[in-house]
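1. no FASTA, just this:
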Ligand SMILES: O=C(O)C(=O)Cc1ccccc1
């Protein structure tokens, strides 16, 4: 891995520039979503994928390795079609890129030593890193072709959802092309010679603080908690400013990079502390059925009776397992007022619902479920259909991210479909 940005990217771009092709945006009649895709562009989902794929061959493709792989794969698929006169099936299509990320520029929020960096390394062992100072910048880096992928932490087994990042997924038009589940092993880091008793402050990302809250209390530390943008940024800040009364909750790798000492190892409240990251790209990948896939969608609905129940039933009726449901305020319309002359005005909060389920967009049952959901909702967007992270479970240990060579070793190509 090598860094291609001398220091991390800062917010300096103009408005985001959606990319032109975005087939997994499903939108209800006559509306256009933030990606500008209309319902008519996406009427019959992957049932007509084959014709769509052959015409895509003629579109100009982006000059990045993933695009090139895609074109070659499509040519191969088209040849298969021509020679055998057999209908093309999704499994004839090129697999999700398996190149291990050679020359792929991957944007993440933070500085070296951040967990997002470790997640990028797990997904793309040979990537070039593009550290960014904000998540928003990581999105824009991909939209503006400065990077090819962005890595985004989305939820943690102890700390829960990272809500802001759900909002960013909706505000931008990038596609989820993979996921990585990373065991997170937190350490308490301070300048050499500092003792725990001297500490008055502990700094970390809000997730770092949340994941270690009970342990901090158990240790009897009488410290204020300070939330910063990133765990490794906290470590860097302590070192740069010679703060002898402050500790960071961050990785052992951050301690090495910024010359800090590990005062406590394994600070998280539970050993099984895992963060789920998603990988984002300008283009979606072609979904498949020959390996476990996950699909993420977001929808909103107008008023109606039991809409949420009916949406969930569309999946249950087809035996599709939901793995996650999250709701966020609908920023376009946060409140709906319902006047009742007799009793007053009810204020209904409006939500965007995010759902992950264990199935691929290439499956007919999924296409049927989504057709049903589309009828029930005012907005439906497929955020991505991507290979599940099937890495064998290994509990976190501080050695797992102490150096990038070890990262490569411990996260190597272990039975994982590269997103
Ligand atoms: O702050 C970091 O290092 C991140 O990458 C975000 C984060 C914070 C805490 C746990 C997992 C990811």
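-> Received the coordinates, thanks. Remember, predicted model here, so these are calculated numbers, not experimental data.

2. all strands of the stretch 301-419 of the chain, in order?
-> 322-329, 335-340, 344-349, 351-357, 379-387 (DSSP state E, counting those that start in this stretch).

3. so which of these gets nearest the ligand?
-> strand 322-329 (16.7 Å; C-beta to the nearest ligand atom). Just so you know, the C-beta spots here come from the backbone N, C-alpha and C atoms, and that holds for glycine as well.

4. quick one: strands adjacent to the closest one?
-> strand 351-357 (antiparallel) (DSSP bridges).

5. so residue 147 sits in a strand?
-> No. Assignment of residue 147 by DSSP: H, G, I helix; E, B strand; the rest coil gives coil, placing it outside any strand.

6. what about residue 236, neighbour count?
-> Residue 236 has 23 neighbouring residues, counting by other C-beta atoms under 10 Å.

7. and it, what does it touch?
-> 111, 113, 254, 257-258 (C-beta atoms under 8 Å, 6 or more residues apart in numbering).

8. now, those that are in helices?
-> With DSSP state H as the criterion, helices contain 254, 257-258 from among the contacts of residue 236.

9. quick check, nearest of these to residue 292?
-> Closest approach between the ones in helices among the contacts of residue 236 and residue 292, by C-beta to C-beta: residue 254, at 32.7 Å.

10. hang on, the earlier thing: out of the contacts of residue 236, who's the most crowded?
-> Top of the contacts of residue 236 by neighbour count (other C-beta under 10 Å): residue 254, with 32 neighbours.

11. that one and residue 233 touch, don't they?
-> No. Counting by C-beta atoms under 8 Å, residue 254 sits too far from residue 233 to count as a contact (9.2 Å).

12. what sits in contact with each of the two?
-> residue 114.

13. quick one: closest of the strands of the stretch 301-419 of the chain to residue 296.
-> Comparing these by C-beta to C-beta, strand 379-387 comes nearest, at 4.1 Å.

14. which elements pack onto the closest one?
-> strand 175-183, strand 274-281, strand 293-300, helix 364-376 (3 or more C-beta pairs under 8 Å, 6 or more residues apart in numbering; DSSP states H and E).

15. residues in contact with the second one?
-> The set of residues external to strand 274-281 that reach it, using C-beta under 8 Å, 6+ apart, is 66, 115-116, 119, 123, 139, 142, 148-157, 169, 174-184, 207, 296, 384, 386, 389, 396, 419.

16. do that again at 7 Å, thanks
-> 66, 115-116, 119, 123, 142, 148-157, 174-184, 419 (C-beta atoms under 7 Å, 6 or more residues apart in numbering).

17. what mean pLDDT does it get?
-> If you average the pLDDT over strand 274-281, you get 97.

18. specify the angle between that strand and strand 293-300 in degrees.
-> Angle of strand 274-281 versus strand 293-300, following axes from the mean of the first three to the mean of the last three C-alpha atoms, to 10 degrees, is 80 degrees.

19. hey, what's the angle from strand 274-281 to strand 379-387? Just curious.
-> Inter-element angle recorded for strand 274-281 and strand 379-387: 100 degrees (by the same axes, to 10 degrees).

20. okay if I get the contacts of residue 236 as JSON lines plus distance to residue 193?
-> Putting the contacts of residue 236 into JSON lines (distance: C-beta to C-beta, whole Å) gives the following:
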{"residue": "111", "distance to residue 193": "24"}
{"residue": "113", "distance to residue 193": "21"}
{"residue": "254", "distance to residue 193": "18"}
{"residue": "257", "distance to residue 193": "19"}
{"residue": "258", "distance to residue 193": "15"}
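
21. buried subset of the contacts of strand 274-281?
-> 66, 115-116, 119, 123, 142, 148-157, 174-184, 419 (16 or more other C-beta atoms under 10 Å).

22. where does this structure have low pLDDT?
-> Flagging of the chain using pLDDT under 70 yields the residue ranges 1-102, 304, 395-419.

23. contact residues of it facing the ligand?
-> By C-beta under 6 Å from any ligand atom, the residues of the chain that approach the ligand are 110, 114-116, 153, 156, 184, 205, 207-208, 230-232, 275.

24. return the subset of the residues you listed lying in strands.
-> 153, 156, 275 (DSSP state E).

25. one step back: which one of the helices and strands packed on strand 379-387 lies closest to residue 317?
-> helix 364-376 (7.8 Å).

26. show me what the closest one is packed against.
-> Applying 3 or more C-beta pairs under 7 Å, 6 or more residues apart in numbering; DSSP states H and E, we find helix 364-376 packed against helix 307-316, strand 379-387.

27. relative to residue 246, which of these is closest?
-> Comparing the helices and strands packed on helix 364-376 by C-beta to C-beta, strand 379-387 comes nearest, at 37.8 Å.

28. quick one: buried residues of that closest one?
-> 379-387.

29. let's have those residues in JSON lines, adding distance to residue 238.
-> JSON lines is the format used below for the buried residues of strand 379-387 (distance: C-beta to C-beta, whole Å):
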{"residue": "379", "distance to residue 238": "44"}
{"residue": "380", "distance to residue 238": "45"}
{"residue": "381", "distance to residue 238": "41"}
{"residue": "382", "distance to residue 238": "42"}
{"residue": "383", "distance to residue 238": "36"}
{"residue": "384", "distance to residue 238": "37"}
{"residue": "385", "distance to residue 238": "42"}
{"residue": "386", "distance to residue 238": "37"}
{"residue": "387", "distance to residue 238": "38"}
